[in-house]
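Q: sequence first, predicted coordinates after that:
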Amino acid sequence: MPRSHRPSRSLRVLLRPPDPALAVLLGLQPDIEVVSSALERPAVAVVDDVPAVAEVLADDPECRVLVTTGSAHPGLLDAVLASGASGLVLRDGPPDDLADAIRRAAQGETVVDPALRTGS
């Protein structure tokens with residue numbers, strides 16, 4: 001999509017690992033711009049495991065990080081938050097829910113999908 005439809009202060013999001021389908025879905029949000037590198041200073045990174053949190057924060061300590069998961073596992077929420085991540089969200093949830101979680105994380109909130117609270 002052309003960038004001309006985006007606000008001048010769009011929210012930059014890094015997907016690690018890259019997910020082209022999710023990038024398209026998030027890119028449909030008028031205020032979200034998916035970037036391909038930490039060099040583009042994303043406000044939020046969406047990663048798929050806890051060790052990736054440290055990697056993202058080593059590149060940019062100011063970046064907020066959300067970890068995705070397919071289901072709740074005992075201790076996962078505690079491990080995610082202890083790693084410095086801003087939250088835990090469902091991997092296959094609705095794209096609008098993920099976009100909302102990204103916006104909330106960028107504002108400094110800790111974001112946890114309610115369905116994942118039982119596995120902490």
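A: Yes, it's here. Numbering: from 1, shown residues only.

Q: tell me how far the closest residue in space to Gly93 that isn't next to it in sequence lies from Leu90.
A: Spatial nearest neighbour of Gly93, excluding adjacent residues (C-beta to C-beta, 6 or more residues apart in numbering): Asp113 at 6.6 Å. Quick note: C-beta positions are derived from backbone N, CA and C, even for glycine. In this structure, Asp113 lies at 5 Å from Leu90, with C-beta to C-beta, to the nearest Å as the measure.

Q: which residues are in contact with both of those two?
A: Asp97 (C-beta atoms under 8 Å, 6 or more residues apart in numbering).

Q: per-residue pLDDT, the residue nearest to Gly93?
A: You'll see Asp113 listed with a pLDDT of 93.

Q: let me see the contact set for it.
A: Contacts for Asp113 (C-beta under 8 Å, 6+ apart) come out as 88-90, 93, 97, 101.

Q: what does Gln29 give?
A: Neighbours of Gln29 in contact, by C-beta under 8 Å, 6+ apart: Ala99.

Q: so it: helix, strand or coil?
A: Three states are possible here, and by DSSP: H, G, I helix; E, B strand; the rest coil the one that applies to Gln29 is coil.
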